[in-house]
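> just to be clear, the model below is a prediction. Sequence and coordinates:
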Amino acid sequence: MTDHDDVRTPVALRACTGGAVTFHVGDLGGRRAMLVDVGGENRGALRPEDGENLAVAARTAREQRIPLVCFVASSGADLSEGVAAVHGWGTAAREFVACSGVVPMVFCVTGPAVSGPALLLGLADLVVMVDETYAFVSGPHMVERFTGEELSNDGLGGAAMHARTSGVAHFNVADRDEATGLVTELLAFLPDHADALPAPIPCLDPADRPTPEAGDLIPETATGSYDVRKVIECIVDDGHLLEPRASYATNLVTAFASIGGRPVGIVANQPQSVAGTLDIPSSQKGGRFVAFCDAFNLPLLTFVDTSGFYPGKDLEWRGMIRYGAQLAFAYARATVPRVCVILRKSYGGAYIVMDSRHMGNDLMLAWPSAEIAVMGAKGAVEILHRQADDDEREALATAYEERLLNPYIAAERGSVDRVVEPSETRAALAAALDALVGKRERLPRRRHDNSPL
């Protein structure tokens with residue numbers, strides 16, 4: 001057999017319909033996937049047939065139980081086709097929604113994504129944007145007409161803006177080749193569909209490797225800053241993290257990694273950004289990531305170091321209650337294996353929503369440096385002993401810390417399963433994941449839950 005005989009030419013589906021959408025079942029890094037291209041002539045303007053092709057591609061991916069990967073460069077509906085083009089987009093959107101939580105959906109923006117195609121990005125699980133591309137629902141001309149504000153395409157919906165401000169872009173890359181490589185790496189952490197487990201990732205890093213360097217990164221002072229990514233890198237396989245939305249809501253880190261070759265999803269407070277407190281963007285970011293990992297059977301590891309929710313009138317008026325509930329809701333309904341590690345501070349409502357024992361996690365670990373309480377000692381003393389002078393408050397704060405702010409009290413009450421040394425963390429997590437590999441939960445019979453939006 002020649003090398004030429006080994007090459008399988010992908011068969012294009014609905015190839016004679018023409019237009020801006022082509023698709024086929026192809027190979028991506030050894031994985032079968034539905035590969036869709038939106039673009040081409042007339043700046044990728046979508047005709048009714050293009051909407052139908054998108055719908056067939058999504059339906060076929062769902063029926064074949066394979067990931068759906070779309071490369072998008074479209075200026076929106078073809079105006080010459082009238083409302084029929086919009087109807088085609090609606091048909092496609094319905095099929096994409098039907099794929100949600102069934103097969104992974106990854107969109108790569110390789111050109112403009114305007115109007116309907118831009119909204120499809122919001123339906124995707126993961127979005128990769130190539131530099132110098134843009135996406136928006138209403139363009140600069142409409143913005144200027146209705147608001148008087150002049151903006152460029154990049155200023156209104158550029159890739160950098162969507163990475164930092166809107167959170168639409170999970171990753172930014174230089175070109176399409178880099179986007180393809182990134183999608184290939186992403187799929188390595190994910191199963192083909194929701195009824196499968198992620199495949200093991202080849203790894204030579206010993207699962208029981210000691211990690212004393214992780215503890216060395218924690219400052220001696222309770223208010224000292226550090227990069228939680230460095231801590232996580234000490235613990236995961238080969239120090240490798242793949243971090244979606246790295247530039248958005250930087251006070252919370254979400255990442256894909258593996259431990260002992262087992263793919264996991266990681267959520268961690270970031271003390272380097274607003275002291276790791278939770279706000280609206282971080283709650284949305286975390287809630288969406290937890291729900292995604294739960295949908296595709298990725299165990300969740302949560303690393304906690306937070307003093308609570310960020311206070312402020314603006315946040316409360318914008319709906320902190322609703323958005324904070326999204327993170328709690330996602331954890332509470334997650335059925336995948338869940339292990340939480342408290343690194344340092346874990347206070348108040350943020351302690352609860354960051355996958356505490358009382359949110360139903362499977363294993364709660366804490367480092368000896370962990371502080372678990374309603375609030376810090378200083379704040380508690382100021383409330384409980386308002387009449388005390390400075391010297392008395394200092395003594396009372398010290399007593400409060402010794403009596404309540406340590407993980408052993410929580411362990412006595414059953415809120416912490418085990419206090420582990422930083423050097424034992426990787427081995428403890430690997431053992432927990434092995435023990436939980438067969439975890440299954442019976443879901444309640446209902447049409448669907450009503451998640452806070």
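Cool, the structure landed. Model, not experiment: these values are computed from the prediction.
> mind checking the SS state of the spatially most central residue of the chain?
Nearest to the geometric centre of the chain sits residue 289, at 3.0 Å (C-alpha atoms, centre = their mean). Following DSSP: H, G, I helix; E, B strand; the rest coil, the label given to residue 289 is helix.
> ok, residue 199 next?
Using three-state DSSP, the structure places residue 199 in coil.
> residues contacting it?
188, 191, 263 (C-beta atoms under 8 Å, 6 or more residues apart in numbering). C-beta here means a position set from N, CA and C on the backbone, and glycine is covered the same way.
> most neighbours out of these, which is it?
residue 263 (23 neighbours; other C-beta atoms under 10 Å).
> return the distance of it relative to residue 256.
Here residue 263 is placed at a distance of 7 Å from residue 256 (C-beta to C-beta, to the nearest Å).
> identify the contacts common to the two.
Between them, residue 263 and residue 256 share the contacting residues 189, 298, judged by C-beta under 8 Å, 6+ apart.
> run a quick neighbour tally on residue 248.
21.
> not counting sequence-adjacent ones, nearest residue to it?
Nearest residue to residue 248, sequence neighbours excluded (C-beta to C-beta, 6 or more residues apart in numbering): residue 167, at 4.2 Å.
> ok, now residue 73?
residue 111 (2.6 Å).
> same check on residue 303?
residue 268 (3.8 Å).
> that neighbour in helix, strand or coil?
Reduced to three states by three-state DSSP, residue 268 is strand.
> and the pLDDT at it?
For residue 268, the model assigns a pLDDT of 98.
> contacting residues for it?
Contacts of residue 268 (C-beta under 8 Å, 6+ apart): 228-229, 231-232, 252-255, 302-305.
> what about 10 Å?
The contact partners of residue 268, by C-beta atoms under 10 Å, 6 or more residues apart in numbering, come to 228-229, 231-232, 252-255, 276, 286, 301-306, 341, 343, 354.
> and the nearest residue to residue 68 once chain neighbours are set aside, what does it touch?
Spatial nearest neighbour of residue 68, excluding adjacent residues (C-beta to C-beta, 6+ apart): residue 61 at 4.1 Å. Listed by C-beta under 10 Å, 6+ apart, the contact set of residue 61 reads 23, 25, 32-36, 67-70, 95-96, 99, 102-105, 192-193.
> residue 91 reaches residue 54, doesn't it?
Yes: contact criterion C-beta atoms under 10 Å: residue 91 and residue 54 qualify, at 7.9 Å.
> which of those two has more neighbours?
residue 54 (28 against 17).
> how distant is the strand or helix carrying the more buried one from the center of its chain?
For residue 54, the host element (DSSP states H and E) is helix 48-64. Helix 48-64 sits 26 Å away from the centroid of its parent chain (C-alpha atoms, centre = their mean, to the nearest Å).
> what are the buried residues along that helix?
48-62, 64 (16 or more other C-beta atoms under 10 Å).
> cool, stretch 336-351 as well?
336-348, 350-351.
> just the mean pLDDT for it, thanks.
92.
> cool, and stretch 301-308?
Computed over stretch 301-308, the average pLDDT equals 94.
> residue ranges with poor pLDDT in the stretch 251-400 of the chain?
374-400 (pLDDT under 70).
> and if we set it to 80?
373-400 (pLDDT under 80).
> where exactly do the helices run in it?
Per DSSP state H, counting those that start in this stretch, the stretch 251-400 of the chain carries helices over the ranges 280-295, 313-318, 320-333, 348-353, 377-384, 390-403.
> hang on, the earlier thing: need the buried ones from the contacts of residue 268 selected in ChimeraX.
Those of the contacts of residue 268 that count as buried under 16+ other C-beta under 10 Å are selected in ChimeraX with:
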select :228,229,231,232,252,253,254,255,276,286,301,302,303,304,305,306,341,343,354
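> and residue 229, how far from residue 253?
For residue 229 relative to residue 253 (C-beta to C-beta), the value is 6 Å.
> got it, and residue 172?
17 Å.
> just to revisit the earlier point, unless I'm mixing things up, the residue nearest to residue 248 is touching residue 286, no?
No: using C-beta under 10 Å, residue 167 makes no contact with residue 286, being 11.6 Å away.
> tell me the contacts of residue 167?
127, 244-245, 247-249, 281, 284-285, 288.
> residue 23: which element?
strand 21-28.
> quick one: whichever helix or strand comes after that strand to helix 48-64, angle?
Next helix or strand after strand 21-28 toward the C-terminus (DSSP H and E): strand 31-38. Angle, strand 31-38 to helix 48-64, by axes from the mean of the first three to the mean of the last three C-alpha atoms, to 10 degrees: 170 degrees.
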